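1. Pasting the sequence and the predicted coordinates here, then a few questions.
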There are 2 protein chains.
Amino acid sequence: MENRTRIIGIDPGTRYTGIGIIDRIDNRLKYVFSETIVTANLNAIEDRLVVIFNRLGQIIDQYLPQTAAIERIFHSVNPRSSLLLGHARGVAMLSVKLKQVVLSEYAPNEVKSAVVGVGRASKDQVGAMVKILLNLDRGKFLKEDEADALAAAICHANTTVYATYGQQSHEV
Amino acid sequence: MENRTRIIGIDPGTRYTGIGIIDRIDNRLKYVFSETIVTANLNAIEDRLVVIFNRLGQIIDQYLPQTAAIERIFHSVNPRSSLLLGHARGVAMLSVKLKQVVLSEYAPNEVKSAVVGVGRASKDQVGAMVKILLNLDRGKFLKEDEADALAAAICHANTTVYATYGQQSHEV
C-alpha cells in the first residue's frame, strides 16, 4: 500500500502569506495546491490577521493536511518588520494548531538546503528548484511566497522519515 | 440614563498575558475583573498561543466588553523577545477582532500618563495608581500584568469621549 502524507507549507507575512500544499506518496512529491493570501490592501494589522486566520483555516478544512511546515524566523535587519511578522506568524501557527495539524519549524537555511542543496540560495533558484522537484511545468508562474511555502513543505518531506516522523516543533 | 462602557485591557506576553476589565459609568471607573493567563509552563510557542486565544475568547464571551485596549509595542532591547511577543500580541488582537470588539492601541507612555500623570513611571507606581483610580483596597494584591492591562483600559476610558469615540486602531 502506498504511503501518503499531505504537507502544508506556510510562509507568513503581514502583506502576503504564501501557502503551498504537497503530497508525498512513498518517495515521490506531488504538487497539490498553492495560494497567496493577500492582505496588503488592508490598513489595520488586526484586519489582516483575521483574513490570514480565516483563509488558512478554510484551506486546511478543504485540503486536510496532516502536517504543517513553517520557517523559523530570526530577528531581522529591520526589527519593526520582524515584530509585525511575528503577529502574522503567531496567527498562522494558531490556525494550524486549532485544526489539530502537527506543526514543524525549520530554519531558513534548512529549507534552502532541502530544495537547492545549499543553505544560501537566491529567491529565483528556490522557485526554479521547487518547480523541478514538484515536476511542475517550467513555464508555470509560481509566486515567490508560494514557492517559499512549497519549499518549506518539501523540506519537511525530505527531512522526516515518512513512516516514523514525529512533531519537530521548537520555539523560534 | 447612565452611560456605561465596558473596556477590556490586554497586556499580551508569551509567558503571562494580563487581562483587566473595567466599566466606565458616566465619569466613574469601576473594576470588573482581572486575570493572568499563564502559559509559561508550556514549551511550544504554538501551544501557548492556543491557550491565550481560547481563554481570551472565553473571557470576552463572559464579560462582553464593547471595546479593547492594548499597548502598542516597539522593537525592544531584545529583538528575540519582541519577535516572540509579536506572536502573542497578534493572537490577542485576532481574538478580539473575531469577537467583534473594537480595538484601540496606545503607546506605553500614553498608558503611563493616563494612570500616573507622567510618561515615565515604575511598575509599582502604575500598580498603586491603578488601585487608587479603581477604588480598590490598597491591600489588594494586583499582579503586575493585570495592573498593566487595567492601566491600558483606564487609558482608553480617559482618552476617549464616551459618547462619541470611534475606532482608534493603528498599526504598531
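-> Happy to help now that I have it.

2. what residues does chain A put near chain B?
-> Proximity of chain A to chain B is confined to A:43-47, A:49-50, A:53, A:73-75, A:79-80, A:82-91, A:93-94, A:96-98, A:103, A:169-172 under the rule Cβ under 8 Å from any Cβ of the partner chain. Bear in mind the C-beta positions are built from the backbone N, C-alpha and C, glycine included.

3. Just the buried residues out of these, in ChimeraX syntax.
-> What follows is the ChimeraX syntax selecting those of the residues of chain A next to chain B that are buried according to 16 or more other Cβ atoms under 10 Å in any protein chain shown:
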select /A:44,45,46,47,49,50,53,73,75,82,83,84,85,86,87,88,89,90,91,93,94,96,97,98,103,169,172
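
4. out of the residues of chain A next to chain B, which are inside strands?
-> Judged by DSSP state E, the residues of chain A next to chain B include A:Leu103 as members of strands.

5. Select from the residues of chain A next to chain B every entry located in helices.
-> Counting by DSSP state H, the members of the residues of chain A next to chain B that fall within helices are A:45-47, A:49-50, A:53, A:79-80, A:82-91, A:93-94, A:96-98.

6. mind listing the strands for chain A?
-> A:4-11, A:16-25, A:28-38, A:67-71, A:102-106.

7. what about chain A, any weak spots by pLDDT?
-> A:75-77, A:161-172 (pLDDT under 70).

8. What residue in it comes nearest to chain B?
-> Shortest chain A-to-chain B distance, computed as Cβ to the nearest Cβ: residue-wise this is A:Gly86, at 2.4 Å.

9. dump the residue contacts of that residue.
-> Listed by Cβ atoms under 8 Å, 6 or more residues apart in numbering or on different chains, the contact partners of A:Gly86 are A:Ile73, B:Ser82, B:Leu83, B:Leu84, B:Leu85, B:Gly86, B:His87, B:Arg89, B:Gly90.

10. Now do the contacts for the first one.
-> What that stands for is A:Ile73. When contacts are counted by Cβ under 8 Å, 6+ apart, A:Ile73 is found next to A:Ser82, A:Leu85, A:Gly86, A:Arg89, A:Pro108, A:Val172, B:Leu83.

11. Next up, the contacts around the fifth one.
-> When contacts are counted by Cβ under 8 Å, 6+ apart, A:Pro108 is found next to A:Glu71, A:Arg72, A:Ile73, A:Phe74.

12. Out of the residues you listed, which is nearest to A:Gln125?
-> Set against A:Gln125, the nearest of the contacts of A:Pro108 by Cβ to Cβ is A:Glu71 (16.3 Å).

13. what's across from the closest one in the sheet?
-> Here A:Glu71 sits in beta bridges with A:Tyr106, going by DSSP bridges.

14. these two touch, right, it and A:Asp148?
-> Yes: taking contacts as Cβ atoms under 8 Å, A:Glu71 lies within contact range of A:Asp148: 7.5 Å.

15. list residues touching both of those two?
-> Between them, A:Glu71 and A:Asp148 share the contacting residues A:Asp11, A:Val111, judged by Cβ under 8 Å, 6+ apart.

16. Now A:Pro65: phi and psi?
-> phi -70, psi 150 (degrees, to the nearest 10).

17. State the number of residues packed around the nearest residue to it once chain neighbours are set aside.
-> Taking Cβ to Cβ, 6 or more residues apart in numbering or on different chains as the measure, A:Pro65 lies nearest to A:Ile8, with 3.9 Å between them; neighbours along the chain are not counted. When neighbours are counted by other Cβ atoms under 10 Å in any protein chain shown, A:Ile8 registers 31.
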